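Q: give me coordinates for this.
(one chain, ligands or ions: 2)
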Amino acid sequence: MATNRTFTMIKPDAVSAGNTGAITKMIEEAGFRIVAMKKTLLTPERAGQFYAVHKERPFYKDLCTYMSSGAIVPMILEKENAVEDFRNLIGATDPQKAAPGTIRNLFAKSIEANAIHGSDSDENAAIEGSFFFSQLEQY
Ligand code: UDP
Ligand code: MG
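A: Ligands and ions are numbered 1, 2, ... in the order given. Predicted structure coming up:
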């Protein structure tokens, strides 16, 4: 089951620009089932926990400030080959390098404010999903 799930969140730039609906539509049209979804806020401390793997990187502090600057929409998604297929749907981290038609190509504002997150492994998908949602076996 876990291998067919990934975790995403629509980031503050895309939520505040009113792109939640358009992005969610692309996700569903690409064949992902929304298992769990909500609109919420991160404190800078919780953003720091979520991105702890990057804490030595120069962009870490700005990233935590940005990720706590407005509402986000975390989701757990289900599809065969979910992690890899979702990374292909969102495109490269830097929107200048994201392939045409990808979510970041269409909606990202910068390498930091890049519209959407996507887990990079099955293991991280499970960890990140549990960061926002509990009792997932009930969904
Ligand atoms: N990020 C940034 N500057 C960089 C690289 C990354 O601000 O030079 C931000 C960006 O929001 C990115 C997040 O940090 O989505 C996590 O970086 P990662 O390398 O994990 O990229 P992702 O997996 O999101 O494509
Ligand atoms: Mg990453």
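Q: please name the bridge partners of the most centrally placed residue in the chain.
A: Against the mean C-alpha coordinate of the chain, by C-alpha atoms, centre = their mean, the closest residue is H117 at 2.4 Å. Taking DSSP bridges as the rule, H117 bridges to M9.
Q: tell me the contacts of it?
A: F7, T8, M9, K11 (C-beta atoms under 8 Å, 6 or more residues apart in numbering). Heads up, the C-betas are built off the backbone N, CA and C, glycines and all.
Q: top of those by neighbour count?
A: With neighbours defined as other C-beta atoms under 10 Å, the most crowded of the contacts of H117 is T8; it has 28 neighbours.
Q: span of stretch 71-87 from start to end?
A: With C-alpha to C-alpha, to the nearest Å as the measure, stretch 71-87 spans 22 Å from end to end.
Q: mind checking how far it is from the chain centre?
A: 7 Å (C-alpha atoms, centre = their mean, to the nearest Å).
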